[in-house]
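In: Need the 3D shape of this:
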Amino acid sequence: RKLKKLNGTIVSLLTGGGGNNNFFHWMFDVLPKIAIIEKYYDLKKINYFLCPDLNKWQLQTLILLGLKKEQCISSVKFRHIQGNKIITVSHPWLRSKNIVKDIENLPPWISKWLREKFLKIKSNKSFSKKIYIDRSDTVSKYRKIINEYDLKFILKKKGFKFVRLANLNFRDEVKLFNNAKIIVGLQGAGLTNLIWCKKNTKIIEIRSKFANKLYENLSKQRSLNFNKIESRPIEKNIKSHSVSGTLKINLKKIEKIF
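Out: Predicted structure coming up:
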């Protein structure tokens, strides 16, 4: 916690703990602060951007926004800093004491700004039009589909390809979702990428019946063809958490949607 003195102007992009490694909070809490800043300041005249953290994909997004690697510093490494001028930004969407209400009603300008900034980037990868977001490598035992093997069997017969987002770079994620016609996935931060989808893309979100409507309402903002498969968690039922519990989904409901 040694004081680090930096010469110049510092913009703080700090947010709650979710901004450190959660994709949704990075995209909707952290990056929109840059959108606010650039209305009042020339980003080229900002010397440093203090970020919650700087893993590989976080740094990718910042560089694609025109920032330089040496401008971006992590609060995990630099816990105590001093600068000539420090600029802070209010939270882009949290407006009340009811976080569920606010997160279900995200301001449309954020998605619009993100699309304007990132949809123009190119990827050389080719992807299927039908994708299933495979989270089996990342979710905990409290957040999984217990009959996922059977679900994958059905989807494979229908021509779906299984994709693990952790294996893609940011450019490829944008193209994957922008290219897709049908997307199936368990509720989670990876569905933040729905903002890249073209209008009328069919979305099938698998979620706990206690989940919030974050991605459902985000889909409606983008005029996507949204569908949901809800199940009551069979273990670890935490009503206050949007995605809790092991789910056993009704496979017949899935087949009826197609």
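In: what phi and what psi does the backbone show at Lys97?
Out: phi -90, psi 0 (degrees, to the nearest 10).
In: repeat for the one 4 residues further on
Out: When quoted as degrees, to the nearest 10, the phi and psi of Lys101 stand at phi -60, psi -40.
In: Give me the distance between it and Leu94.
Out: Distance from Lys101 to Leu94, counting by C-beta to C-beta, to the nearest Å: 10 Å. No exception for glycine: its C-beta is placed from N, CA and C like everyone else's.
In: out of these two, which sits in the more crowded spot?
Out: Neighbour count, other C-beta atoms under 10 Å: between Lys101 and Leu94, Leu94 has more, with 14 against 11.
In: Next up, the contacts around the more buried one.
Out: Leu94 sits next to Asp102 when contact means C-beta atoms under 8 Å, 6 or more residues apart in numbering.
In: so what's Phe49 up against?
Out: So Phe49 contacts 10-11, 13, 34, 62, 67, 71-73 (C-beta under 8 Å, 6+ apart).
In: what is the mean pLDDT for stretch 30-38?
Out: Average pLDDT, stretch 30-38: 97.
In: Pull the residues that contact it.
Out: Against stretch 30-38 from outside (C-beta under 8 Å, 6+ apart): 11, 13, 15, 19, 43, 46, 49, 51-52, 61, 65, 87, 89-90, 92-93, 109-110, 113-114.
In: so where's the stretch 51-200 of the chain uncertain?
Out: Applying pLDDT under 70 to the stretch 51-200 of the chain picks out residues 137-142.
In: in it, which spans are strands?
Out: Listed in chain order, the strands of the stretch 51-200 of the chain (DSSP state E, counting those that start in this stretch) span 72-74, 81-82, 85-87, 130-133, 143-145, 161-163, 182-186.
In: Among the contacts of stretch 30-38, which lie within helices?
Out: With DSSP state H as the criterion, helices contain 61, 109-110, 113-114 from among the contacts of stretch 30-38.
In: Just the buried ones among these, please.
Out: Neighbour-count burial (16 or more other C-beta atoms under 10 Å) is assigned, among the ones in helices among the contacts of stretch 30-38, to 61, 110, 113-114.
In: and which of the contacts of Phe49 is nearest to Asn167?
Out: Leu62 (21.2 Å; C-beta to C-beta).
In: burial count for the closest residue to the closest one other than its chain neighbours?
Out: Among residues not flanking Leu62 along the chain, Cys72 sits closest, at 5.3 Å (C-beta to C-beta, 6 or more residues apart in numbering). Neighbour count for Cys72, taken as other C-beta under 10 Å: 17.
In: can you pull the contacts of Tyr132?
Out: 151-152, 155, 160-163, 183-185.
In: sorry, back to before: find the pair from the buried ones among the ones in helices among the contacts of stretch 30-38 with maximum spatial separation.
Out: Every pair of those checked by C-beta to C-beta; the farthest is Thr61 and Ile110, at 13.8 Å.
In: returning to what we had before: can you select the buried ones from the contacts of stretch 30-38 in PyMOL?
Out: To isolate the buried members of the contacts of stretch 30-38 in PyMOL, using 16+ other C-beta under 10 Å:
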select buried, resi 11+13+15+19+46+49+51+52+61+87+89+92+93+110+113+114
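In: thinking again about what came up before, could you give the bridge partners of the residue nearest to Leu62?
Out: Under DSSP bridges, the beta-bridge partners of Cys72 are Phe49.
In: next one: the one 10 residues further on
Out: Partner residues in beta bridges with Gln82, using DSSP bridges, are Lys5.
In: what's near enough to touch it?
Out: 3-6.
In: will you turn those residues into TSV that also has pLDDT, distance to Phe23 and neighbour count?
Out: As requested, those are exported to TSV (pLDDT from 0 to 100; distance: C-beta to C-beta, whole Å; neighbours: other C-beta atoms under 10 Å):
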residue	pLDDT	distance to Phe23	neighbour count
Leu3	90	32	9
Lys4	90	28	13
Lys5	93	33	9
Leu6	93	28	16
